[in-house]
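# Quick one: sequence and predicted model below, then my questions.
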Amino acid sequence: MRALRLGAAAVLGALAAMGATASAADITVSAAASLTNAFKEIGAAFEKEHAGDKVQFNFAASDPLVQQISKGAPVDVFASADQDAMDKADNLKLLAPGSRRNFASNSLVLIAPLAGALPIKGIADLRQAAVTRVTLGNPASVPVGRYAKNALEQGRLWAAVEPKAIYGTSVRQSLDYVARGEVDAGFVYATDAAIMKDKVKVVATVPTETPVSYPIAVIAAGPQAAAGRRFADYVLSSAGQAILAKYGFGRP
């Protein structure tokens with residue numbers, strides 16, 4: 001009888017292991033570039049808590065990510081840096097119904113090279129003749145660029161700054177331009193500026209008419225939709241939110 005019980009236990013253990021393997025998945029997450037550092041840590045923490053699951057990231061500007069998904073890229077989860085990009089995905093019927101949720105917030109800042117000598121203390125100073133190059137994400141495809149353009153329009157400064165604009169393909173490219181001293185100033189998120197304190201300085205926090213909020217959603221046609229939901233839930237869990245806070249993101 002003891003041998004029978006041991007044999008049964010072994011079979012049950014094997015079945016449990018097979019079940020765990022069967023449920024494990026490779027999850028593909030397309031996320032806004034500004035989430036790079038935080039999401040990499042969230043991905044590692046998620047994998048530790050979900051044996052067998054592996055998370056693969058694709059970081060870029062939000063709008064190009066929507067285009068990739070609409071063209072059939074095998075993506076399970078999409079996290080955007082603004083509501084506009086997620087609205088585009090929603091309008092294209094890419095999202096799993098009911099899966100869209102806000103998970104973080106951020107703020108827009110104006111930065112300059114740490115060693116920069118120009119007297120820039122706010123967005124109005126960008127009108128100075130000495131300021132010749134200002135970087136921001138392309139408003140047509142990059143959320144931070146849309147936030148920046150809107151802020152400049154609200155301040156009646158867009159006409160003066162647009163001729164000086166150096167467009168980045170993502171917020172991280174604009175951050176690099178400033179860090180390398182290739183431009184006089186630039187618009188990024190506060191979380192981006194924080195990771196390069198040794199190369200850039202925040203000269204002003206820029207109010208935005210629309211709050212900087214980040215939505216996440218599961219992709220309806222994703223090959224691992226169930227696993228994608230697990231990851232999205234983890235981002236919104238206390239553990240995921242703690243990691244986001246560590247990198248300077250606010251609550252949704």
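Received it, and whenever you're ready, just let me know what you need. Source: prediction; values computed, not measured.

# Now for the closest residue to K201 other than its chain neighbours: which residues touch it?
Leaving aside its chain neighbours, K201 sits nearest to L114 (5.2 Å; criterion: CB to CB, 6 or more residues apart in numbering). All C-beta atoms are positioned from the backbone trio N, CA, C, and that covers glycine. Residues in contact with L114, defined by CB atoms under 8 Å, 6 or more residues apart in numbering, are 198-201.

# Just the buried residues out of the residues you listed, in PyMOL syntax.
The following PyMOL line selects those of those that are buried, judged by 16 or more other CB atoms under 10 Å:
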select buried, resi 199+200+201
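
# Now secondary structure and distance to V134 too, for the contacts of L114, in a markdown table please.
Formatted as a markdown table, the contacts of L114 follow (DSSP: H, G, I helix; E, B strand; the rest coil; distance: CB to CB, whole Å):
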| residue | secondary structure | distance to V134 |
| --- | --- | --- |
| D198 | coil | 22 |
| K199 | coil | 17 |
| V200 | strand | 14 |
| K201 | strand | 15 |
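
# Helices of the chain, start to end?
Listed in chain order, the helices of the chain (DSSP state H) span 2-23, 36-49, 62-70, 83-91, 143-154, 158-161, 171-179, 190-194, 225-236, 238-246.

# looking at these, which is buried most?
helix 171-179 (a mean of 25; mean count of other CB atoms under 10 Å).

# quick one: that helix to helix 36-49, angle?
Counting by axes from the mean of the first three to the mean of the last three CA atoms, to 10 degrees, helix 171-179 lies at 130 degrees to helix 36-49.

# Let me see the mean pLDDT of helix 171-179.
What helix 171-179 shows for mean pLDDT is 98.

# which outside residues touch it?
32-34, 36, 61, 81, 111-113, 135-137, 142-144, 166, 168, 183, 185-189, 192-193, 196, 199-200.

# For G98, which of the helices of the chain is the nearest?
helix 225-236 (10.3 Å; CB to CB).

# Including distance to A104, could the helices of the chain go into TSV?
Shown next, in TSV, are those (distance: least, CB to CB, whole Å):
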stretch	distance to A104
helix 2-23	28
helix 36-49	8
helix 62-70	13
helix 83-91	12
helix 143-154	13
helix 158-161	27
helix 171-179	14
helix 190-194	9
helix 225-236	8
helix 238-246	5
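
# Out of these, flag the one nearest P207.
helix 143-154 (6.9 Å).

# For the residue nearest to K201, give me the backbone phi and psi.
Backbone geometry at L114, expressed as degrees, to the nearest 10, gives phi -60, psi -40.

# what's the spacing between it and A165?
22 Å (CB to CB, to the nearest Å).

# Pull the number of nearby residues for R127.
Residue neighbour count, defined by other CB atoms under 10 Å, stands at 13 for R127.

# returning to that earlier point: any idea which of the helices of the chain scores lowest on pLDDT?
helix 2-23 (a mean of 42).

# so what's the closest residue to A140 other than its chain neighbours up against?
Counting by CB to CB, 6+ apart, A140 lies nearest to D63, which is 7.6 Å off, once chain neighbours are set aside. By CB under 8 Å, 6+ apart, D63 lies in contact with 85, 88, 140-143.

# Including distance to Q67, could those go into a markdown table?
Below are the contacts of D63 laid out as a markdown table (distance: CB to CB, whole Å):
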| residue | distance to Q67 |
| --- | --- |
| A85 | 10 |
| K88 | 9 |
| A140 | 12 |
| S141 | 9 |
| V142 | 13 |
| P143 | 14 |
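
# So which of these is the closest to V206?
P143 (13.9 Å).

# care to break the chain down by domain?
Domains of the chain are assigned by automatic domain parsing as 2-105+213-246, 108-206.

# All good on my end, thank you.
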